[in-house]
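Undergrad: need a 3D model of the following:
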Amino acid sequence: MSASAQEIKRNLWYLSGKGLIDRSGMSNDFQLEGEGRDRYEQYRDEGVPIPRTHPLQRYTQHTIEQGNREKAENVFRDIVEVAREEVIVVDMYAKGRLYDLLESHVPSVVDVKILGSHKEIGEENIELYREFAEGKDGDVELRYLDYWEDYPFHSREVVRDREAGWVWDHTFADAGGRHHTISQLRPVNLENDLEVFDEAWEEAETVE
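TA: Coordinates of the predicted model:
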């Protein structure tokens with residue numbers, strides 16, 4: 001099989017696994033599913049790529065205009081849905097819509113670690129966390145630190161497989177609610193932030 005044929009086969013397998021195309025028939029024809037049509041139209045109209053079907057760009061940056069929650073969610077989706085092993089979320093206001101974003105876009109088998117602060121460790125958000133964790137095949141953990149004394153991060157971050165990370169200038173629960181930027185971390189910054197995260201994670205309290 002030629003290299004180009006192998007690449008086509010890999011992309012077809014990926015698109016089928018995501019439920020974007022139907023390859024159940026015996027012929028070589030493939031039918032776009034509803035989600036596949038939606039994603040194609042987003043690519044055609046807005047240039048939003050389908051992961052792994054386009055060359056990866058390094059050090060991406062996005063500007064989210066006030067009220068554009070859909071774009072913020074699209075960026076979050078594109079980051080986490082290709083995770084293989086682990087997604088790390090750092091957000092002192094880990095709450096509410098964050099769990100909807102994780103539920104909708106992180107593959108079920110991928111582990112999730114959420115580092116929050118005591119500010120949002122209340123009954124409502126703990127219940128959202130537990131509901132999200134129960135629906136996952138991978139391990140899910142929520143830990144927290146005292147915001148005023150121990151919390152080491154100022155920004156919000158999402159890290160995929162410890163290979164790539166992005167800084168969000170606004171809390172995930174209200175992503176797109178206000179004007180903000182999303183910037184990919186350079187390798188040296190990612191390495192440093194992971195060291196800080198690992199140390200904080202060991203010191204943090206675990207939500208059962």
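
Undergrad: please make it C-alpha for all contacts and neighbour counts, starting now.
TA: Noted.

Undergrad: can you give me the pLDDT of the spatially most central residue of the chain?
TA: Taking C-alpha atoms, centre = their mean, the centroid of the chain lies closest to Val80, which sits 3.0 Å from it. Note for Val80: predicted pLDDT of 94.

Undergrad: need phi/psi at it.
TA: Main-chain torsions, Val80, degrees, to the nearest 10: phi -90, psi -20.

Undergrad: quick one: residues contacting it.
TA: Going by C-alpha atoms under 8 Å, 6 or more residues apart in numbering, Val80 touches Val87, His105, Val106, Pro107, Arg160.

Undergrad: dump the residues you listed to TSV, plus pLDDT and secondary structure.
TA: TSV is the format used below for these (pLDDT from 0 to 100; DSSP: H, G, I helix; E, B strand; the rest coil):
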residue	pLDDT	secondary structure
Val87	97	strand
His105	94	helix
Val106	94	coil
Pro107	93	coil
Arg160	96	strand
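
Undergrad: list just the nearest of those residues to Arg39.
TA: Each of the contacts of Val80 was scored against Arg39 by C-alpha to C-alpha, and His105 proved nearest at 13.8 Å.

Undergrad: distance check, that closest one against Phe76.
TA: Between His105 and Phe76 the distance is 8 Å, computed by C-alpha to C-alpha, to the nearest Å.

Undergrad: look at the two and report which has more neighbours.
TA: Each of His105 and Phe76 has its neighbours counted (other C-alpha atoms under 10 Å); Phe76 has more, 21 against 18.
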